[in-house]
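Colleague: Take a look and give me a structure for this.
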Amino acid sequence: MMPGRPGRASVAAILAAILAVAGALPAAAQGFPQRVYRDARVKSEYHLQIAIDQVRVPSPTPGLCIVNGKISRVFRGNVALGTPIELELDCKKESDTVRPGQTLWTDVDKLTAAKHIEAFVNRGPYGFQHSLWQFVIIAEPTEKPTFLP
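Modeller: Predicted structure coming up:
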C-alpha cells in the first residue's frame, strides 16, 4: 500500500458509510421534526372541522387539490359555523412519484372520498391556508377535537 492512499478495506468502509447516509436522506427529508408540526398546530389561528362539498383534482397530478366546504365545528378562532372555506391541499395519486422533501402529500382517492376534515388553519392574504399540512380526514364531525395540538 502506498503512503497517503487508503487501502481497499478503507475505501469499502468509506463507500459503505456514504451509502448509509445517502439511504437515510430521503426518509429524513420527508418532513420537519415533529415539534415543528406541533408548534404549527399550537400557533394556528383556527382549529376547525369542515364538511367537504367538493374536491377539485389537478390534471396532471401531483399538485394542489382544491377543497371547498363549510365550517361545521370551531374549536379555536372566531369564525361562524357554515362559513364557506377553500383550502389548497397537496395531493397525489398512489402511482405518482414525488421528490423527497417537506411536502406532506394526501392520496387523491382518500381526499375525494372524504366527507369531512379536521384542520389547523390560518387566514392568509388569499383566504384560509393549512398550517403545515396539519389536517386529518374524519368520518363525521365530533363534539371534541380528534386531532390535538
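
Colleague: Which strand residues bridge E118?
Modeller: Beta bridges link E118 to Q49, V136, judged by DSSP bridges.

Colleague: just the helices in this structure please.
Modeller: Secondary structure of the chain by DSSP state H: the helices cover 8-28, 34-43, 108-113.

Colleague: What residues of the second one count as buried?
Modeller: This means helix 34-43. Y37, A40, R41 (16 or more other C-beta atoms under 10 Å). Placement of C-beta: from N, CA and C, glycine included.

Colleague: which residue sits closest to the last one in space, ignoring its chain neighbours?
Modeller: In this structure, R41 finds its nearest non-sequential neighbour in P149, 4.2 Å apart by C-beta to C-beta, 6 or more residues apart in numbering.

Colleague: which residues touch that neighbour?
Modeller: If you count contacts by C-beta atoms under 8 Å, 6 or more residues apart in numbering, P149 has them with R38, R41, V42, S44, H47, F120.

Colleague: Same question for H130.
Modeller: Residues near H130 by C-beta under 8 Å, 6+ apart: L87, E88, L89, A119, F120, V121.

Colleague: To what extent is the first one buried, counted in neighbours?
Modeller: Using other C-beta atoms under 10 Å, L87 is surrounded by 22 other residues.

Colleague: and what of the third one?
Modeller: Counted with other C-beta under 10 Å, residues neighbouring L89 total 18.

Colleague: what's the closest non-adjacent residue to it?
Modeller: Nearest in space to L89, with sequence neighbours left out and distances taken as C-beta to C-beta, 6+ apart, is C65 at 5.1 Å.
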